[in-house]
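Q: model the structure of this input:
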Amino acid sequence: MIGYVTLGTNDLERAAAFYDAIAKELGGNRFMETDRFIAWGRRGGAPGLFLIKPFNGKPATVGNGVMVALAAKDKAQVDRIHALAMSLGGTDEGAPGQRGEGFYAAYFRDLDGNKLNAFVME
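A: Numbering: from 1, shown residues only. This is a model prediction of the structure:
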């Protein structure tokens, strides 16, 4: 059910060197990258780790930038999960939509403020 984990950073370049080495040891590599995040994983599988600059622009701390990602079976399921979270009192962090080539996702917080998303790789 868990698709990938995100970790926040205040220095993407410095942190990337650390995770490049760890990923290589585990048989993974970088496969998605922007000025705000880098993703590592194994080709043909779900991403394993995203290293990000927190979306809200605040400094990364333990917890800020951490998110649980839930692997959905298709876009319709992503939409349903987001709608369900909203109906249960969750907070919208990003409506369902394309977030890059082959990546469709919706972001939300639970009642305690924990950040989650539902996603599908196309």
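
Q: please, where are all the strands along this structure?
A: 2-8, 29-33, 37-41, 47-52, 67-71, 91-98, 103-109, 115-121 (DSSP state E).

Q: so which of those gets nearest residue 79?
A: strand 91-98 (4.9 Å; CB to CB). Glycine gets a C-beta too; all of them are placed from N, C-alpha and C.

Q: show me which residues of that closest one are buried.
A: Within strand 91-98, the residues scored as buried using 16 or more other CB atoms under 10 Å are 93, 96.

Q: check stretch 103-113 too.
A: Buried, per 16+ other CB under 10 Å, within stretch 103-113: 104-108.

Q: partners of the residue lying closest to residue 50 once chain neighbours are set aside in the sheet?
A: Of all residues not flanking residue 50 in the chain, residue 6 sits nearest, at 4.3 Å (CB to CB, 6 or more residues apart in numbering). On the basis of DSSP bridges, residue 6 is bridged to residue 50, residue 67.

Q: and residue 6, how many neighbours?
A: 21 (other CB atoms under 10 Å).

Q: list the residues that contact it.
A: 37, 49-52, 65-67, 69 (CB atoms under 8 Å, 6 or more residues apart in numbering).

Q: could the C-alpha coordinates of the helix or strand bottoming out on mean pLDDT in the chain be exported in PDB?
A: One helix or strand of the chain scores below all others by mean pLDDT, DSSP states H and E: strand 47-52, with a mean of 84. Only the C-alpha atoms of strand 47-52 are listed here, as PDB (Å, rounded to 0.1, in the frame of the first residue of the first chain):
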ATOM      1  CA  PRO A  47       9.800   5.100  -6.500                       C
ATOM      2  CA  GLY A  48      11.400   4.300  -3.100                       C
ATOM      3  CA  LEU A  49      12.500   7.700  -1.900                       C
ATOM      4  CA  PHE A  50      11.900  11.400  -2.700                       C
ATOM      5  CA  LEU A  51      14.300  14.000  -1.200                       C
ATOM      6  CA  ILE A  52      12.500  17.400  -1.300                       C
END
